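*Asks:* sequence first, then the predicted structure, then my questions.
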Amino acid sequence: MAKKRRESRTFGLPPGALVHVGERWTEKVDITLLQFDTENLDSFELKKVSECRGKVEKPLVSWLNIDGLHDINILEEAGKIFSIDSLVLEDILNTNQRPKFEEHDHFVYFVLKMLDYDTEEEEITKEQVSMILIDRILVSFQERPGDIFTPVRNRLKSSLGRIRRSGSDYLMYTLLDSVVDRYFSILEIIGEKIEKLEDSLLEDPSSATVNEIYSLKRDLLEMRHAVWPLRQAVSSMARSDLPVISKDTTPFLNDLYDHIIQVIDTVETYREMVTGMMDLYLSSVSNRMNEVMKVLTIIATLFIPLTFIAGIYGMNFTYMPELDWKWSYPVIWAIMIGILGVMLVWFRKKKWL
């Protein structure tokens, strides 16, 4: 579905005013609820957030996911049911947020950028994901349907690993880990593109190569903006003392922090490589221009003495004895060819040819 832009203005509005800022990716807001423990797994498609009232009160871990942020009424309803501050709801609706982690009285708020790679357009796409972690409940807000959390849902259905034996904080960790794992996949794609660009730079650099280099620079800058603040957010979450984050989940968050550091290091390495590729392109173009100028200079230098001789005998003086000699024409040709041959031998000896 084609995306629709909704112009939103927040200037002059009081703090906590709910206004959607960003793209409108879908016409309908999809609300899904997953509830599980070690023995049970239930899935629900909801029309309203209020339909989850009686369900989330069960002693099960609940994951409520809302796809679509343009309907303010649904966000207000979620805020009332889960006692989410209006300032947090405002941040959820503003899709220009930097990744961050906030502690509140009975919940924590986490926002990050979920990146994916569009193979057709050959560019990185981004989407803001906000999460509210409450005791036994995780509420996630996404801009559009479709995400990279399918493996997590499959693990819940197949009861693989410890996800069904853990709480909502571990579920939140698995979602964050899925996002970071996708960062690695995107970096692999970018790494392959860099290798191909390096080969084309050495073989036949062109203006199309420059466009690809600038495209890579934009993609890496996009990743840098998404990953750098995420490092601090995950670190703050790992150090949090709130009871909604158990001590059993802290080691996993520390491991996630290490993965983010690896992503940052790779992004910075690739940025340096792309910058070096631009320098290599400019050097290659300059070398090619120098080679062209070298050939033109050699050609001009070869014809300078020949032009000098032709200029002398092209003068219209009456008394030029050589003009009456019958061998003058072939002799002049022999002299010019001899001069040309001597210069060519000398240039080759100097390794200019």
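*Replies:* Sure thing, it's come through. Numbering: from 1, shown residues only.

*Asks:* which SSE is immediately downstream of the helix or strand encompassing residue 218?
*Replies:* Using DSSP states H and E, residue 218 sits in helix 207-238. Scanning forward in sequence from helix 207-238 by DSSP H and E, the next helix or strand is helix 250-312.

*Asks:* between that following helix and helix 207-238, how big is the angle?
*Replies:* For helix 250-312 against helix 207-238, the angle by axes from the mean of the first three to the mean of the last three C-alpha atoms, to 10 degrees is 160 degrees.

*Asks:* and for the helix or strand that comes right after helix 250-312, what's in contact with it?
*Replies:* Remark: after helix 250-312, the chain's next helix or strand is helix 328-349, criterion DSSP H and E. With C-beta atoms under 8 Å, 6 or more residues apart in numbering as the test, helix 328-349 has contacts from 298, 301, 302, 305, 306, 309, 310, 313, 322, 353. Every residue, glycine included, has its C-beta placed from N, CA and C.

*Asks:* and for stretch 52-60?
*Replies:* Applying C-beta under 8 Å, 6+ apart, the external contacts of stretch 52-60 come out as 33, 35-37, 40, 42, 44, 46, 62, 64, 81, 136-137.

*Asks:* residue 162 contacts residue 170, correct?
*Replies:* Yes. The pair residue 162 and residue 170 passes the contact test of C-beta atoms under 8 Å, sitting 7.0 Å apart.

*Asks:* ok, the two, which is more surrounded?
*Replies:* Each of residue 162 and residue 170 has its neighbours counted (other C-beta atoms under 10 Å); residue 170 has more, 21 against 12.

*Asks:* skip the chain neighbours and tell me the closest residue to the more buried one.
*Replies:* residue 249 (5.2 Å; C-beta to C-beta, 6 or more residues apart in numbering).

*Asks:* quick one, phi/psi of the one you found?
*Replies:* phi -90, psi -20 (degrees, to the nearest 10).

*Asks:* may I see the PyMOL selection of the buried members of the contacts of stretch 52-60?
*Replies:* The PyMOL command for the buried members of the contacts of stretch 52-60 (criterion: 16 or more other C-beta atoms under 10 Å) is given here:
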select buried, resi 33+35+36+46+62+64+136+137
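
*Asks:* and the contacts of stretch 52-60, which of them are in helices?
*Replies:* Secondary structure from DSSP state H places residue 81 of the contacts of stretch 52-60 in helices.

*Asks:* for residue 195, state which of the contacts of helix 328-349 is nearest.
*Replies:* residue 353 (35.0 Å; C-beta to C-beta).

*Asks:* tell me, how many residues neighbour the nearest residue to that closest one once chain neighbours are set aside?
*Replies:* Leaving aside its chain neighbours, residue 353 sits nearest to residue 347 (4.9 Å; criterion: C-beta to C-beta, 6+ apart). For residue 347, the tally of surrounding residues (other C-beta under 10 Å) stands at 14.

*Asks:* gap between residue 347 and residue 105?
*Replies:* 84 Å (C-beta to C-beta, to the nearest Å).
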